[in-house]
Every structure is written in C-alpha cells, then in structure tokens.
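In: Kindly return the folded structure for what I paste below:
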Amino acid sequence: MDTISRENNSMLPVAGVVVGVIGLLLGGIALVQLSKVKQTVSEHDAKVATIDGIKATADGAAATADKAKADLAALSRSTQDAFNQVGPALTGLREDVTKIQESLKKPAPAPAGKGGGPVVAGPGEYVVKAGDTGAKIARAQGVALNDLVAVNSGVNFNKLHVGQKIKLPAKGK
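Out: Numbers count the residues shown, from 1 in each chain. All right, here's what the predicted structure looks like:
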C-alpha cells in the first residue's frame, strides 16, 4: 500500500489550494462591492431623509392652506352677514334723507304775526333774496364775510332760503 500512495500524485491538494485562493479573491471582491453598496445606500438614505423633510414641509403648507381657505370662507360669510344687516339700515337712512330733502323743498311757513305779509328786516338785519350768498350779502352790506358768519352761528350760508332773516355785524369791526 505504501507504493500506491507514493505513486498517486494527485492534483487534488493543489486544486483545493487554487479553489481556496479563488474563494478568497471572490470574497475580497464581494467585500469591495458590499462597501460600495453600503455607501450608495447611505447616500440614498440622506436623499430619502431630504425627501421626507420636503414632504413634511409640503404637508404643513397644505394644512396651512386648508386653514386659510376655511378662515377665508368664514370671513366671507361674516362679511355677507354684515352687509345683510347694514343694507336695511341704509335703506332706512335713504328714506329719512329723502323725507328731509322733501321737507326742505317746501316753502318756509310764514312767520306768525300780522297777516302774513312780506318779511321786513329790522335794524341790523337782512332778509335773504333769490340768488343771495353769504359773500354777496357781505359785499353789498360792506362787512367782512367772517364777521357775517360769526354773528350768525346757526346759519348755513351754503343753504340760504329766500325770506330768511340774518343778523348784520356792526360796520365798525
């Protein structure tokens, strides 16, 4: 038997060593590839985290937009309610103004006195005629307009009425 084992120069151990070296080389290549894959995965993890942050921001913006939309709808409703309340009040005011305008168009009642004749100016007074204004009266009477306005504090010189009596200031002022 001794002869058989010496004569049998098998290549089996050499093949085992060659296969082992190839295995080590493949393992090394696999480690390098695994390292590259881990680096790529970590880069992708960073990108995914960025995308998750963007998604969170977008979700927050969408929630804010929804709240703003709801607030705008509520504001629109309250504004419409306010207009609905103000409208009838404005109508009432318009009717009141119309009544006042109509009452101003009516001729002034004749002063109570002797027989309703023409109005006569007393001393220091002037009776308004058609077309008179405060400036015309002041000029015609030789007084300053400011003085005329001062002695007639309750008179609206923008709306003088024919027959209306106004006081004249003393001419020495």
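
In: how does this structure divide up, domain by domain?
Out: Domain assignment for the chain by automatic domain parsing gives 13-86, 125-167.

In: Those domains: which one's closest to Lys105?
Out: With C-beta to C-beta as the criterion, Lys105 lies closest to domain 125-167 of these, at 10.8 Å. Where you see a C-beta, it was placed from the backbone N, CA and C, and this is true even at glycine.

In: for the closest one, how far is the first residue from the last?
Out: 4 Å (C-alpha to C-alpha, to the nearest Å).

In: biggest helix in the protein, by residue count?
Out: In the chain, assigned by DSSP state H, the helix with the most residues is helix 12-105.

In: in its sheet, what does the next helix or strand after that one sit against?
Out: The C-terminal neighbour of helix 12-105 among helices and strands, as given by DSSP states H and E, is strand 125-127. Its sheet considered, strand 125-127 pairs with strand 165-167 (antiparallel) by DSSP bridges.

In: what about the strand it pairs with, average pLDDT?
Out: Mean per-residue pLDDT for strand 165-167: 92.

In: which residues of the chain score low on pLDDT?
Out: Counting by pLDDT under 70, the chain shows low-confidence ranges at 1-9, 106-122, 172-173.

In: Assign Asp132 to helix, strand or coil.
Out: coil (DSSP: H, G, I helix; E, B strand; the rest coil).

In: what are the phi and psi angles of it?
Out: phi -70, psi 140 (degrees, to the nearest 10).

In: Just confirm it contacts Lys159, I think it does.
Out: No - the criterion here is C-beta atoms under 8 Å, and Asp132 misses it with Lys159 at 11.6 Å.

In: Look at those two and report which has more neighbours.
Out: Neighbour count, other C-beta atoms under 10 Å: between Asp132 and Lys159, Asp132 has more, with 18 against 8.

In: rewinding a little: quick one: list the elements packing against the longest helix of the chain.
Out: Under the contact criterion of 3 or more C-beta pairs under 8 Å, 6 or more residues apart in numbering; DSSP states H and E, helix 12-105 touches no helix or strand at all.
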